[in-house]
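1. Need a 3D model of the sequence below.
(one chain, ligands or ions: 1)
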Amino acid sequence: MAELACLNGRIMPISEAKIPIEDRGLQFGDSIYEVIRAYSGHLWLLDRHMERLKASILALNITGVNLNEVESQIKMTLQRSGIGDAIVYLQITRGVAPRSHAIPQNITPNIIITVRHIQKFPEELYATGVKAVLVEETRWARRDIKATNLLPNILAYNEARRRGAFEAIFVDQADGMVTEGSHTNVFAVINGVLRTPPADHRILPGVTREFVLWLASKEGIEVDVSPLPVSELMEAEEIFLTGTLTEILGVTLLENKIVGTGTVGTITKRLHSAFREEVRKAIESAA
Ligand SMILES: Cc1ncc(COP(=O)(O)O)c(C=O)c1O
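-> Residues are numbered from 1 along each chain as shown. Okay, the predicted model is just below:
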């Protein structure tokens, strides 16, 4: 087993993959990305990640990307790595050109893939839940595009770490609405109803979020997708975070306030075990 990179279709050790200094991804963050998880060699929800990738490419009008080739490169790199439980990082930059704010025409994108062993969270975290803190929403207005401009997310996440929390939840000061976490989407159970903010420009349409909404309807859980005021989040019976690496993770402490009973809620637990069951079935049917 070996952690590998694939740069524009060529597989190599990660340390050997190099990008020129005039790549627009480096200079402007003019690039987009996806993070995909493999469970036992099965690329989980790959189609959904590819659809979101396509949406990001269209939104930024990045040209010259053949999505079928990108998908084959992902599969080939994963297979060659021999890693079953992997995290696949894919980044597409607009390409290399002399630095200019004007978007150059006809440049070739750089397609970067890495496949690494997953650093799973300890199971104990799912049993006990985590702390989250609230931070001011400081990001741009197109958070639905999975662009690599992640500085506000990184600063928020590090503030959360400094405050002893697992995640920072952004709150828009303009209207008091919860948007999402620095690297997760946010759900809450309020008066028995599963709530999450809508997938508009204010949040990333998480692949896990969408799957959880599907699971909830399958499980007969009442769902309300609508703007979520922070005042309601503070009073929630349950809160959980979703993400490709995170899966479904209960929040038991919000700032210094205990959420619900202070233990991971029943709907959270139910959805997480249903999620894991779907993963198990997907691995089984791929085998
Ligand atoms: C800002 C943000 N929101 C939500 C998510 C969760 O998305 P997904 O479930 O597709 O991993 C991520 C994932 O990295 C993210 O960066």
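
2. CA atoms for contacts and neighbours, from now on please.
-> OK.

3. so how many other residues sit close to Lys131?
-> By other Cα atoms under 10 Å, 23 other residues sit near Lys131.

4. can you confirm it is in a helix?
-> No: applying DSSP: H, G, I helix; E, B strand; the rest coil, one finds Lys131 to be strand, outside a helix.

5. For it, give me its contacts.
-> For Lys131, the contacting residues are Gly164, Ala165, Phe166, Glu167, Val251, Thr252, Leu253, Leu254, Glu255, by Cα atoms under 8 Å, 6 or more residues apart in numbering.

6. Can you classify the closest residue to the ligand within the stretch 1-150 of the chain by secondary structure?
-> Per Cα to the nearest ligand atom, Val35 is where the stretch 1-150 of the chain lies closest to the ligand, at 6.5 Å. When classified by three-state DSSP, Val35 comes out as strand.

7. what's the nearest residue to it if we skip its chain neighbours?
-> In space, and not counting its chain neighbours, Val35 is closest to Tyr89: 4.8 Å by Cα to Cα, 6 or more residues apart in numbering.

8. go on, Arg202?
-> Spatially, and ignoring its direct neighbours in sequence, Arg202 is nearest to Arg143 (5.4 Å; Cα to Cα, 6+ apart).

9. okay but the one you found is in contact with Ala199, surely?
-> No: applying Cα atoms under 8 Å as the test, Arg143 and Ala199 come out as separate, 9.8 Å apart.

10. residues in contact with the residue nearest to Arg202?
-> By Cα under 8 Å, 6+ apart, the contact list for Arg143 reads His201, Arg202, Ile203, Leu204.

11. Ala168 belongs to a strand?
-> Yes: counting by three-state DSSP, Ala168 is found in a strand.

12. Pull out the buried residues from the contacts of Lys131.
-> Buried by 16 or more other Cα atoms under 10 Å: Ala165, Phe166, Glu167, Val251, Thr252, Leu253, Leu254, Glu255, out of the contacts of Lys131.

13. and for the one helix or strand the fourth one maps to, what are the contacting residues?
-> Using DSSP states H and E, Val251 sits in strand 247-254. Residues outside strand 247-254 that contact it (Cα under 8 Å, 6+ apart): 125-126, 128-134, 208, 234, 238-242, 258-260, 262-265, 268, 271-272.

14. Go through the residues you listed and flag which are in helices.
-> Leu125, Tyr126, Thr128, Thr208, Met234, Thr268, Leu271, His272 (DSSP state H).

15. Relative to Val193, how far out is the fourth one?
-> To tie it back to what came earlier, the one meant is Thr208. 19 Å (Cα to Cα, to the nearest Å).

16. With neighbour numbers in mind, choose between these two.
-> Neighbour count, other Cα under 10 Å: between Thr208 and Val193, Thr208 has more, with 24 against 16.
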